[in-house]
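[1] pasting the sequence and the predicted coordinates here, then a few questions.
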Amino acid sequence: MLKPALTLAIALGIAVATAQTPSQLTWRLDSLERAGADPLQIIGAPSIVDTDLGRALQFNGKSDGLLIGRNPIAGLRQFTIEVLLSPDTDGPEEQRFLHLSQAGSENRALVELRLANGRWSLDSYMHYDTAQLTLLDRSKTHAAGQWHVAAMTFDNGRLQHFVDGVEQGSGVGAFQPLGPGATSIGVRQNLVSWFKGRIHTVRISAAVLPPSQFLTAPAATAAWARGIEGQRQADLGNGTFLNPILPGDHPDPSILRDGDDYYMTFSSFDAYPGLVIWHSRDLVNWQPIGPALSKNVGSVWAPDLVKHRGRYYIYFPGIAPYRSNYVIWADNIRGPWSEPIDLKITRIDPGHAVGPDGRRYLFLSAGELVPLADDGLSTTGPPKKIYDGWKYPDDWIVETFAQEGPKILKRGDYYYMVLAEGGTAGPPTGHMIVAARSKTIEGPWENSPHNPILRTRSKDERWWSKGHGTLVEDRAGKWWMVYHAYENGYYTLGRQALLEPIEWTADGWFKTAGADPAAPIASPAGEPGPHGVAFSDDFSRDRMGVQWSFYAGGKDDSARYRYEGNSLVVKAKGSSPADSSPLWFVNGDHAYQMEVEIEADAAASGGLLVFYSRKLYAGLGFSARNLRLHLYGMDRTSAKPAHLGQRMWIRLTNDRHIVTLDYSADGTKWERYDRAIEVSGYHHNVAYDFLSLRPALYASGEGEVRFRNFKYRAMP
């Protein structure tokens, strides 16, 4: 994040003066009239936009720029130039975002970038008389769409440039101090090269600052590579990735390596079909295969995906109509999967293990162990308490003890248990990952000296409530931990899946390798492939379970829908979104827009929502006579305008928790509904259920509702 002193300076548009910076000028770009104390000449129509850092100026890459009638480096033999900016991913290849020039001459300093495939390299240039110097290393690239600090330092002939405090290149030239002139921002002064993106601050110091004193781009606003439909994805395309590996609600990850392939599944809670299995060849890029569970056994919590003697199993709790644990199995990971088999044990979060004699067991929450039959499809004895957990200090702020989620690994002479404590949500510092080991299945279990292996220590961190870890070894023999966490400021997205390297110590324990989960990490060995799926759907093929699922649905819902003429036809149910089992899907973007065409029978209602649970949802629908506003999990009706019939288009925009609604009679001319909704509180700590706020379609009343041409677009 921005250093406190610099945050204050930027917020107030004032200079920060230190012993190393005797003279400093800050241009804070939050106005179209002035930058600091300097009046602006506007070129084109740059706009003021709200960002994570406050207001900034947006430039369109074609005609927008600023001109300031002074050259702040005039007469200086030493200086530092810093620019806090966020280039767009789709701007022109060559962009000048700062140009300082001596009047009546070619003497100038340019700070530029070269953009390709959504990544950019810093390109700095100095010219004085016949001396010229270009600094550009195209192998050093940075993700567009996120905040960075580009910096240039000049020390009486020596030029260096940096991105986020890391040197990108240097050189020496026979330069003299520039004379008075002008500065342009967002464009070169001859109007031939334009910048596309946002600029927040320009700061110029009459000294060479060390990188430790540069402005810093806040980690909490770091963006991701943009994949299908602009959705964020982890793979940065340069041998590194940025968490989460699966954005959006992917809690309690259970990972299985099967040769050179990796498979993962997650708690699906109230979504049916559920237990979607994902596949990867590199641990970073994932695609869904399909669901393994269709029969409704209640809310599905932390599963364990395992392979034993050539057969695949998923053990998982089902929470209603009574609490128990179930198992499903398949001879092919892609299915078909069996019906769930009730194991009739009441603890949660089963973790499969095999003893040295080949006998099979399930570890459960609260440190219990139950033996399994050889086929893994029934128990052969009662649960037995074998482990009391790790006791954290009494003054730690946690939700509750909640010893849960045991995952078992055999390595060398030891069985390792990786488990969660501290409560799943609640305070951000509560949930944690701990470990213990034993030479036998039943113990005694020795707690790790490195506990907690992972824990959020401050509410200022990007990732909160880290827990439910599973270890996996990549092809190169490097070890990783996949786990879940909430994103600071985005509880609504649920618990997202993160990946972090671990290392083994000489005495046989493991610990984290020191990587920052909020910063790029070197990617595991493997074969990068496509990631995710497009959420836009023309309903020309069945995507049930891969994308769409029913909230609190089940096998009976298979009779509620059909695909017909590029339409998804859904039989109406209930009287509102709360009891209609809406169709929803998991997404992971901070901001997005979606729209759909809806045609409803005379006695039916249909609509477009962001849906958390029957308790909390928001959106817009319609019936024969009314528009139906949905907010706070309540439904309000108003008279439908006369030009609207039983066929409507609805658009919903969720821009960082602010939901706006539009409707149209023809899909071309849109009208704004006069109520916006703030949804940042639509999450577990308000309404329980461990879910996320998801795009959804609903059909209620009597008859059928037809959905056509669903469109989804992530917003930067």
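    Now that the structure is in, tell me what you want to look at.

[2] what about Leu34, neighbour count?
    Not Leu; residue 34 is Arg. By the measure other Cβ atoms under 10 Å, the count of residues near Arg34 is 15. (Each C-beta comes from the backbone N, C-alpha and C, glycine too.)

[3] make 9 the first number, not 1, from now on.
    Got it, first residue is 9 now, which makes that one Arg42.

[4] show me what it is bridged to.
    Pro47 (DSSP bridges).

[5] ok, it touching Ile50?
    No: counting by Cβ atoms under 8 Å, Arg42 does not reach Ile50; the two are 11.4 Å apart.

[6] neighbours around the residue lying closest to Phe619 once chain neighbours are set aside, how many?
    Using Cβ to Cβ, 6 or more residues apart in numbering and skipping residues adjacent in sequence, the residue nearest Phe619 is Ala704, 3.7 Å away. For Ala704, the neighbour count with other Cβ under 10 Å is 23.

[7] I'd like the domain boundaries of this protein, if you could list them.
    Domains of the chain are assigned by automatic domain parsing as 12-229, 255-528, 557-722.

[8] any idea of the mean pLDDT for the last one?
    Within the predicted structure, the mean pLDDT of domain 557-722 is 96.

[9] how far does that domain stretch from one end to the other?
    Start-to-end span of domain 557-722 (Cα to Cα, to the nearest Å) is 20 Å.

[10] again, but for the second one
    Start and end residues of domain 255-528 are separated by 15 Å (Cα to Cα).

[11] distance from the chain centre to it, please.
    Using Cα atoms, centre = their mean, to the nearest Å, the mean C-alpha position of domain 255-528 is found 21 Å from that of the whole chain.

[12] pLDDT weak spots in this protein?
    Applying pLDDT under 70 to the chain flags residues 9-30, 226-232.

[13] same list (the domains of the chain) but as a markdown table, adding distance to Ile236.
    Formatted as a markdown table, these follow (distance: least, Cβ to Cβ, whole Å):
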| stretch | distance to Ile236 |
| --- | --- |
| domain 12-229 | 13 |
| domain 255-528 | 10 |
| domain 557-722 | 9 |
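
[14] pull the CA atoms of stretch 287-305 into CSV?
    Output of stretch 287-305 as CSV, limited to C-alpha atoms (Å, rounded to 0.1, in the frame of the first residue of the first chain):
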residue,chain,number,x,y,z
HIS,A,287,-8.4,-29.9,-14.4
SER,A,288,-4.9,-28.4,-14.8
ARG,A,289,-1.5,-29.2,-16.2
ASP,A,290,0.4,-26.5,-14.3
LEU,A,291,-1.5,-25.7,-11.1
VAL,A,292,-2.2,-22.2,-12.3
ASN,A,293,-4.5,-22.5,-15.3
TRP,A,294,-7.7,-24.5,-14.7
GLN,A,295,-10.8,-25.6,-16.6
PRO,A,296,-13.9,-27.3,-15.3
ILE,A,297,-14.6,-30.9,-16.4
GLY,A,298,-18.1,-31.1,-14.9
PRO,A,299,-20.1,-31.9,-11.8
ALA,A,300,-19.8,-35.2,-9.8
LEU,A,301,-22.9,-34.8,-7.6
SER,A,302,-26.6,-34.5,-8.7
LYS,A,303,-28.6,-35.8,-5.8
ASN,A,304,-29.3,-33.2,-3.1
VAL,A,305,-28.0,-34.3,0.2
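
[15] in that stretch, what counts as buried?
    Going by neighbour count (16 or more other Cβ atoms under 10 Å), the buried part of stretch 287-305 is 287-294, 296-302, 304-305.

[16] again with stretch 504-522
    504-510, 517-520.

[17] and that stretch, end to end?
    20 Å.

[18] and what of stretch 36-56?
    Taking Cα to Cα, the first and last residues of stretch 36-56 lie 12 Å apart.

[19] do the same with stretch 704-724
    Per Cα to Cα, stretch 704-724 runs 21 Å from first to last residue.

[20] do the same with stretch 38-53
    14 Å.

[21] coming back round to it: what packs against the helix or strand hosting the residue nearest to Phe619?
    Using DSSP states H and E, Ala704 falls within strand 702-709. Judged by 3 or more Cβ pairs under 8 Å, 6 or more residues apart in numbering; DSSP states H and E, strand 702-709 is in contact with strand 576-579, strand 591-592, strand 599-608, strand 612-621, strand 624-630, strand 712-722.

[22] distance from the chain centre to the fourth one, please.
    Here the centre of strand 612-621 is set off from its chain's centre by 24 Å, with Cα atoms, centre = their mean.

[23] same thing with the longest one?
    The gap between where strand 712-722 is centred and where its chain is centred comes out at 23 Å by Cα atoms, centre = their mean.

[24] if you count neighbours, what's buried in that strand?
    For strand 712-722, by 16+ other Cβ under 10 Å, it's 712-716, 718-722.

[25] what are the ranges of the helices in the stretch 9-158 of the chain?
    12-20 (DSSP state H, counting those that start in this stretch).

[26] need the strands for the stretch 9-158 of the chain, in chain order.
    Under the criterion DSSP state E, counting those that start in this stretch, the stretch 9-158 of the chain contains strands at 32-36, 42-43, 46-47, 49-51, 55-59, 62-68, 73-76, 86-95, 102-110, 116-124, 127-136, 139-144, 150-151, 156-163.

[27] okay, those strands in JSON lines with distance to Arg683 next?
    Converted to JSON lines, the strands of the stretch 9-158 of the chain look like this (distance: least, Cβ to Cβ, whole Å):
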{"stretch": "strand 32-36", "distance to Arg683": "34"}
{"stretch": "strand 42-43", "distance to Arg683": "36"}
{"stretch": "strand 46-47", "distance to Arg683": "40"}
{"stretch": "strand 49-51", "distance to Arg683": "35"}
{"stretch": "strand 55-59", "distance to Arg683": "20"}
{"stretch": "strand 62-68", "distance to Arg683": "25"}
{"stretch": "strand 73-76", "distance to Arg683": "37"}
{"stretch": "strand 86-95", "distance to Arg683": "31"}
{"stretch": "strand 102-110", "distance to Arg683": "39"}
{"stretch": "strand 116-124", "distance to Arg683": "39"}
{"stretch": "strand 127-136", "distance to Arg683": "40"}
{"stretch": "strand 139-144", "distance to Arg683": "51"}
{"stretch": "strand 150-151", "distance to Arg683": "36"}
{"stretch": "strand 156-163", "distance to Arg683": "38"}
